[in-house]
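**Q** need the 3D shape of this:
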Amino acid sequence: MSSVRLKPGPVSTRAFNLGSLAAALLACAISGFYLWNGALTLPELVLLSVVAFPPYLLLVVCVLGVWLGFSDDARVRGRLR
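**A** Just a heads-up that it's a prediction; the model follows:
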């Protein structure tokens, strides 16, 4: 017996967008806090933003996508039909 798989709805899409935005704002706030406290200099912050920020956002988006049910790709959809 196969399990029923429902498509994510508009609420899931909204949660995905808000979660991505919240993760980006949190990273910016933490970076600003470290800069303000003197733990990071401006060149270190720029390097951190260029090197670490994109993988962080990619990880967050992947986790949110799987958690909210956006994890199906074209291969999986083809097998479910």
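
**Q** from now on I want contacts and neighbour counts done on CA atoms only, so please keep to that.
**A** Will do.

**Q** same for the helix or strand where Leu57 lies, what does it pack against?
**A** Assigned by DSSP states H and E, Leu57 falls within helix 53-68. Identification of packing neighbours for helix 53-68 by 3 or more C-alpha pairs under 8 Å, 6 or more residues apart in numbering; DSSP states H and E yields helix 10-37.

**Q** what about the helix it packs on, distance to the chain center?
**A** With C-alpha atoms, centre = their mean, to the nearest Å as the basis, helix 10-37 stands 9 Å off its chain's centre.

**Q** equivalent analysis for stretch 42-52, please.
**A** From the chain centre to the centre of stretch 42-52 is a distance of 19 Å (C-alpha atoms, centre = their mean).

**Q** buried residues, it. List them.
**A** For stretch 42-52, a neighbour-count test (16 or more other C-alpha atoms under 10 Å) marks Leu45 as buried.

**Q** mind checking how far Pro10 is from Ala39?
**A** Distance, Pro10 to Ala39, by C-alpha to C-alpha, to the nearest Å: 41 Å.

**Q** got it, and Cys62?
**A** Noted for Cys62: a distance of 30 Å to Ala39, by C-alpha to C-alpha.

**Q** tell me where the model's unsure across this structure.
**A** Low-confidence segments of the chain (pLDDT under 70): 1-5, 73-81.

**Q** 90 - rerun?
**A** 1-12, 66-81 (pLDDT under 90).

**Q** returning to that earlier point: quick one, which of Cys62 and Ala39 is more surrounded?
**A** For Cys62 versus Ala39, neighbours defined as other C-alpha atoms under 10 Å are more numerous around Cys62 (14 against 11).

**Q** contacts only, for the more buried one.
**A** Not one residue lies near Cys62 by C-alpha atoms under 8 Å, 6 or more residues apart in numbering.

**Q** from Leu47, how far off is it?
**A** Distance of Cys62 to Leu47, given as C-alpha to C-alpha: 23 Å.
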